[in-house]
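Chemist: Need coordinates for the following:
(2 chains)
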Number of protein chains: 2
Amino acid sequence: MIATIITIGDEILIGQIVDTNSAWMARELNRVGVSVLEIMSISDDEDHIVSAFAKAEQQSDIVLVTGGLGPTKDDVTKTALCTYFQDELVLDEATLQHVKDLFAKYVKDKLLPANETQAMLPSKATILKNEYGTAPGMLLVNNDTTFVSMPGVPFEMKALMINHVIPYIVEKGELPYIYHRTILTAGQGESTIAHRIEQWENLLPSHVSLAYLPSLGSVRLRLSCKGMDKEQVTRDVDAQVDQLYGLLADIIVGESNDETLSQQISALFKSQEKTLAVAESCTGGQIAQQLTQHPGASQFFKGASVTYATQSKVDLLDVDQALIDKYSVVSEEVAIAMAIGARKKFKADVAVSTTGNAGPDKGDSDVAVGTVCIGIATGDQQYALKFMMGNHRERVIQKTVNKSMELLQKELLKKAVI
Amino acid sequence: MIATIITIGDEILIGQIVDTNSAWMARELNRVGVSVLEIMSISDDEDHIVSAFAKAEQQSDIVLVTGGLGPTKDDVTKTALCTYFQDELVLDEATLQHVKDLFAKYVKDKLLPANETQAMLPSKATILKNEYGTAPGMLLVNNDTTFVSMPGVPFEMKALMINHVIPYIVEKGELPYIYHRTILTAGQGESTIAHRIEQWENLLPSHVSLAYLPSLGSVRLRLSCKGMDKEQVTRDVDAQVDQLYGLLADIIVGESNDETLSQQISALFKSQEKTLAVAESCTGGQIAQQLTQHPGASQFFKGASVTYATQSKVDLLDVDQALIDKYSVVSEEVAIAMAIGARKKFKADVAVSTTGNAGPDKGDSDVAVGTVCIGIATGDQQYALKFMMGNHRERVIQKTVNKSMELLQKELLKKAVI
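Modeler: Residues are numbered from 1 along each chain as shown, chains lettered A, B, ... in the order given. Next up, the predicted model:
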């Protein structure tokens, strides 16, 4: 089954917002065996929407549309649906009641005409109730292609997808099984890796595909296969991954399918019943933020000190001022002291620390822009590593966050083996 | 001038990455007067790329393409360019030398055949040097449409855009001036606002467009106008904005064009030469992360304590345990104590604090999921507000971050007036 995703909204085309909906929808579709052929982002313009519908219908079995369903005049998706399906808007009593209920509960104000128009819907559409908002989902079928129009508000769209759209797709079709495995490597570039595995890659069966996904400091290798026989598909990919482990043993650091590194680390801490404290300087809270975004973080995450100013490293983490004076605030010695301090202050089992200069200007330290030290402290040991992360502020921060997570992961995996 | 953006990569279509490149490119194009008609994301498939090129050429003057330029076999954009432009790959000596230089400097290893193929480029292309990577930009023209192909790595693409593509576009054309103003409101929903300004909206001149951008807890109203006469365009929008200020005086909280709230707050702290400390519980470091992402954060940002565990609020911020026992950890009293503690510990002028339960489970407090208290402490006063942020973890965190920023902004603007 082939899908096209259409996201509608001028704010996407002037770059005012990043379209995160499509990646989420693509992942959910992929999970149930639907391949996404194309994602189109277009403006709130009726003609353009209608011609995008026509192209999408031609190339796909299912078309997911988000956006343009608000009660205000700039939103025209419903009008475009009526034009495309030669339909007209009629009052849907159930939706009107739902809108009234939402108003009574949250707005405590009388319904406005604009709110009532939210219940005017294409007569041919199957209405999918939106628990969280006034714009329902609408499902329409044309020449064997199913169109689903949903609001662009992410959590409203997600609830509609999970409760209505995915079940509909699963019920509808003989879906193939799509299987990916993504191997994380660290330490070598994609061309070097490609060179090392060239012979293996040339012999890959044609139904197993390989992609190189380079990112800061690491390359992910994704093997994918699609087929009706789940066991066969799994076996074919797993066999190739086994070979890859043999070929790249020295640089493979783990595997991530959909899990991010922060999710993997959270799982490791929880399963080992260990707790974590973080001392951040140049990363400014991003390690803490990434680790606390997942539910259940309080099971292992004690807290973080974002000691941005040099003095705060002394005041909050008991870093010795003499150490800073002797080695500079960006040094392995200070990184270790920060980690030890955070571990003690937060009463945690493990602590990680960052201190560095992300640029663009030199800060309280004399070190070159891009110099970063990362420290780790556990009950048994403490150490720090120094890195040169380049001179691009955002990248320095991102690379430091990634490297800190990688060191934490290694530390936990080491413990797991012992 | 009309543009189409094409982002190429299977990883986008299976939802493995969010395409942030197109929003950035759209914003840059918009700034110089180019309108983006469509953003297409397609897979690393030669036929699909070629047909996307054809559609893009038909509808636009400029086509920006990112992705698919890596040295590995899964990347086919160069082949697709050759097919579409009936061209062939030839060795570009300058690029080869640049690749060799990059290798000598960073990889300290001998060049692999795959790296050399990075210098094999379409003969008809104007080569745009990529300072940060081995894949250069390529500019090709067909029937008055300019195609520019760039790598998908964000910072490489951004440098190519800033150094080559935007100057080329500006030089090429009589570009219209595009002017937006975005008014931030808080406290009313979009339908209520639409109702209040209905008469004004009906009388808007047809060349001035209005968009409603609802987000968590606020609605942004964006007025846009495009034209060759910069002064006229500016005057027309400004006149409408003046009227809007009159109509919505009670709910307008500020204005944001491209600046995010965190950028505005950073600017306020710097201009007022004040410093900030943050005490975060349920927001897990996200306030600190947002405020430290911009260069120059160290001028005002002293640091943050992410006191996730209850005990750490006592240990790091000197919150009185008796206060927690009496009022619970999620209370206005504790929020105020956290803000006072952070202000003192970090020796800052202003402190903001968050304590709440983001869910999905109840934490150390008995309060309902979604209850959040935000505290502010300055030299003159301290206060806290309690909010119900719903029961959706991500939204609770995001709304709390937004609300904290809003309170900080109000606090600073108040000071500015006095």
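
Chemist: Report the rounded mean pLDDT for stretch A:82-91.
Modeler: For stretch A:82-91, mean pLDDT is 96.

Chemist: which outside residues touch that stretch?
Modeler: A:46, A:49-50, A:53-54, A:78, A:81, A:119-125, A:140, A:142 (Cβ atoms under 8 Å, 6 or more residues apart in numbering or on different chains). C-beta coordinates here come from the backbone N, C-alpha and C atoms, glycine included.

Chemist: roughly how far is that stretch from the heart of the chain?
Modeler: 36 Å (Cα atoms, centre = their mean, to the nearest Å).

Chemist: now swap in stretch A:243-254 and tell me
Modeler: For stretch A:243-254, the distance to the chain centre is 25 Å (Cα atoms, centre = their mean).

Chemist: measure that stretch end to end?
Modeler: 15 Å (Cα to Cα, to the nearest Å).

Chemist: What are the contacting residues of it?
Modeler: Residues contacting stretch A:243-254 (Cβ under 8 Å, 6+ apart): A:183-188, A:193, A:196-197, A:200, A:218, A:221, A:223, A:264, A:406, A:409-410, A:413.

Chemist: Likewise for stretch A:264-271?
Modeler: Identification of contacts with stretch A:264-271 by Cβ under 8 Å, 6+ apart yields A:254, A:256, A:259, A:275-276, A:291, A:294, A:296-297, A:299-301, A:350, A:405, A:408-409, A:412-413, A:416.

Chemist: now with 7 Å?
Modeler: For stretch A:264-271, contacts defined as Cβ atoms under 7 Å, 6 or more residues apart in numbering or on different chains pick out A:256, A:276, A:291, A:294, A:296, A:297, A:299, A:300, A:405, A:408, A:409, A:412.

Chemist: Next up, the contacts around the fourth one.
Modeler: Put plainly, it is residue A:294. Residue A:294 is in contact with A:263, A:266, counting by Cβ under 7 Å, 6+ apart.

Chemist: List buried residues within the contacts of stretch A:243-254.
Modeler: Neighbour counting with 16 or more other Cβ atoms under 10 Å in any protein chain shown marks A:183-185, A:188, A:193, A:196-197, A:218, A:221, A:223, A:264, A:406, A:409 as buried within these.

Chemist: Would you point out the most distant pair within those residues?
Modeler: Largest separation among the buried ones among the contacts of stretch A:243-254 by Cβ to Cβ: A:196 and A:264, giving 24.9 Å.

Chemist: Which secondary structure state does the residue lying closest to residue A:263 once chain neighbours are set aside sit in?
Modeler: Nearest residue to residue A:263 in three dimensions, chain neighbours excluded: residue A:294, at 6.0 Å (Cβ to Cβ, 6 or more residues apart in numbering or on different chains). Secondary structure, DSSP: H, G, I helix; E, B strand; the rest coil: residue A:294 is coil.

Chemist: Following element in sequence after whichever strand or helix holds residue A:271, please.
Modeler: Assessed by DSSP states H and E, residue A:271 sits inside helix A:261-272. Of the helices and strands lying after helix A:261-272 in sequence (DSSP H and E), the nearest is strand A:276-280.

Chemist: Which other helices and strands does that following strand contact?
Modeler: helix A:286-292, strand A:301-307, helix A:332-345, strand A:350-356 (3 or more Cβ pairs under 7 Å, 6 or more residues apart in numbering or on different chains; DSSP states H and E).

Chemist: quick one: stretch A:370-382 to chain centroid distance?
Modeler: For stretch A:370-382 - counting by Cα atoms, centre = their mean - the centre lies 27 Å from the chain centre.

Chemist: May I see the buried residues of the helix holding residue A:271?
Modeler: Buried residues in helix A:261-272, counted by 16+ other Cβ under 10 Å: A:261, A:262, A:264, A:265, A:266, A:268, A:269.

Chemist: What mean pLDDT does stretch A:325-343 get?
Modeler: The model assigns stretch A:325-343 a mean pLDDT of 96.

Chemist: which residues touch that stretch?
Modeler: Stretch A:325-343 is contacted from outside by A:277-279, A:305, A:310, A:313, A:317-320, A:323-324, A:351-353, A:355-357, A:364-367, A:371, A:373-377, A:382-384, A:386, using Cβ under 7 Å, 6+ apart.

Chemist: of these, buried ones?
Modeler: Buried, going by 16+ other Cβ under 10 Å: A:277-279, A:305, A:310, A:313, A:317, A:319, A:323-324, A:351-353, A:355-357, A:364-365, A:367, A:371, A:373-377, A:382, A:384, out of those.

Chemist: can you count the residues close to residue A:249?
Modeler: 8 (other Cβ atoms under 10 Å in any protein chain shown).
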